[in-house]
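[1] Using only what follows, build the 3D model:
(one chain, ligands or ions: 3)
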Amino acid sequence: MTEQDHPNAPPEVVPAVVVSHLRSEVEVATLSTRGEPSERLRCFQRSRSIEVVTGDRVLIERDPEHPERGVINEVQPRRSLLQRRNRSGVVQTICANLDLLLITIAPDPQPHADLVDRYLVAAELDDLKAAVVLNKCDLAAAGAPDILSLIDLYESLGIPVFRCSAVAGIGLDALRDLIGERTAALVGQSGVGKSSLLNALLPEAAAEVGTLTGNRSRGHGRGRHTTSTVRLYPIAGGVIIDSPGIRELTPEVTDRSRLITGFPEIDLAARRCRFRNCRHDREPDCGVSEALAAGHIDGRRWRSYRILEAELGQGRR
Ligand SMILES: Nc1nc2c(ncn2[C@@H]2O[C@H](COP(=O)(O)OP(=O)(O)O)[C@@H](O)[C@H]2O)c(=O)[nH]1
Ligand SMILES: [Mg+2]
Ligand SMILES: [Zn+2]
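    Ligands and ions are numbered 1, 2, ... in the order given. Purely as a prediction, here's the structure:
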């Protein structure tokens, strides 16, 4: 439908938010005057010059013949962008306009060593708030020493940790308060219970929940990828975005020297190195080596930093 077809009826242009984008189909929710997502429309993009992603603010032109359909005219500037770099080095955008990353872990499947740190770097570089959500607190394994020490680590770094159970209904009010009017994304490995948490917070979301039937023999406890698309759900005044489990997230670091800002305690220690270009690898008077020896930097964090640094150095930049 073009303007020539209806010369007397200029198409209605309305602000909306992208709910999901699957292949060529974009689902949007129009925004009420209070900015809350309301009516759903199926849209296509007039121009493919910008790939729209969940969370994008757009202006749509409603189809006068089919009011439940529309065309995306304009993508508004993004205030934040969660991106990852896949194994082939291709940058993929996961979602836009986030305020808060809810980095979800569980005792089962066991947390991958550096996944939380990767998300924390992404949050730091994109100016997002971040919190760690320990789900499945109803399981006895939630009290295992490795989980407790991981939680201690993040709390000692000043990252808020929320203990929850989607199944037993533990910690949900605290999570709701945290989200408030923010746009929050549930991120983390497949099977930790992101979709279950969403359903517990918002039963009408009816998000698909997987079973932990994947290959667990290697200790990964991988769940099936039941959430296949990044999707946005309005909750109270805010918004939750559920994402498929992202096994690897290599944050998109445009300037390699910025990686260290994602590890504030390492950054701080590095300021005490004698050499400005210290590699923190057997150089004399290295603040980082000293902080590691004194236990001020946790070995797990140092390992995560080194892995990310190496990945960024391997021709990915
Ligand atoms: N015991 C327990 N199981 C849970 C909890 N939350 C989710 N699960 C289970 O964990 C599995 C994966 O959940 P799902 O929400 O699909 O995880 P997602 O891949 O992160 O979205 C399902 O079998 C859920 O029933 C919880 O709080 N406690
Ligand atoms: Mg899911
Ligand atoms: Zn050093």
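
[2] contacting residues for V288?
    Counting by CB atoms under 8 Å, 6 or more residues apart in numbering, V288 makes contact with I266, A269, A270, C273, C278, H280, I297, W302. All C-beta atoms are positioned from the backbone trio N, CA, C, and that covers glycine.

[3] Which ones among the residues you listed lie within helices?
    I266, A269, A270, W302 (DSSP state H).

[4] Nearest to ligand 2 among those?
    Distance to ligand 2 across the ones in helices among the contacts of V288 (CB to the ion) is lowest for W302, with 31.1 Å.

[5] quick one on the thing from earlier: tabulate the ones in helices among the contacts of V288 (CSV), appending neighbour count and distance to ligand 2.
    Shown next, in CSV, are these (neighbours: other CB atoms under 10 Å; distance: CB to the ion, whole Å):
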residue, neighbour count, distance to ligand 2
I266, 24, 32
A269, 23, 37
A270, 18, 38
W302, 19, 31
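
[6] what's downstream of the strand or helix carrying V26, the next helix or strand?
    Here V26 sits within strand 25-31, counting by DSSP states H and E. As assigned by DSSP H and E, the chain's next helix or strand after strand 25-31 is strand 37-45.

[7] Remind me what whichever helix or strand comes after that next one packs against, helices and strands.
    Once the chain leaves strand 37-45, the next helix or strand it forms, by DSSP H and E, is strand 57-62. Contacts defined by 3 or more CB pairs under 8 Å, 6 or more residues apart in numbering; DSSP states H and E place strand 57-62 against strand 13-22, strand 25-31, strand 37-45, strand 69-75.

[8] Pipe the ones you listed into TSV and attach mean neighbour count per row.
    TSV is the format used below for the helices and strands packed on strand 57-62 (neighbours: other CB atoms under 10 Å):
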stretch	mean neighbour count
strand 13-22	20
strand 25-31	19
strand 37-45	16
strand 69-75	19
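
[9] could you dump those to TSV with distance to D108 and mean pLDDT?
    Listed next are the helices and strands packed on strand 57-62 as TSV, based on distance: least, CB to CB, whole Å; pLDDT from 0 to 100:
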stretch	distance to D108	mean pLDDT
strand 13-22	28	92
strand 25-31	33	92
strand 37-45	34	90
strand 69-75	40	93
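
[10] export those strands to JSON lines and tack on distance to ligand 3?
    Shown next, in JSON lines, are the helices and strands packed on strand 57-62 (distance: least, CB to the ion, whole Å):
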{"stretch": "strand 13-22", "distance to ligand 3": "44"}
{"stretch": "strand 25-31", "distance to ligand 3": "48"}
{"stretch": "strand 37-45", "distance to ligand 3": "48"}
{"stretch": "strand 69-75", "distance to ligand 3": "43"}
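
[11] Looking at those strands, spot the one closest to K136.
    Taking CB to CB, strand 13-22 is the member of the helices and strands packed on strand 57-62 nearest to K136, at 26.5 Å.
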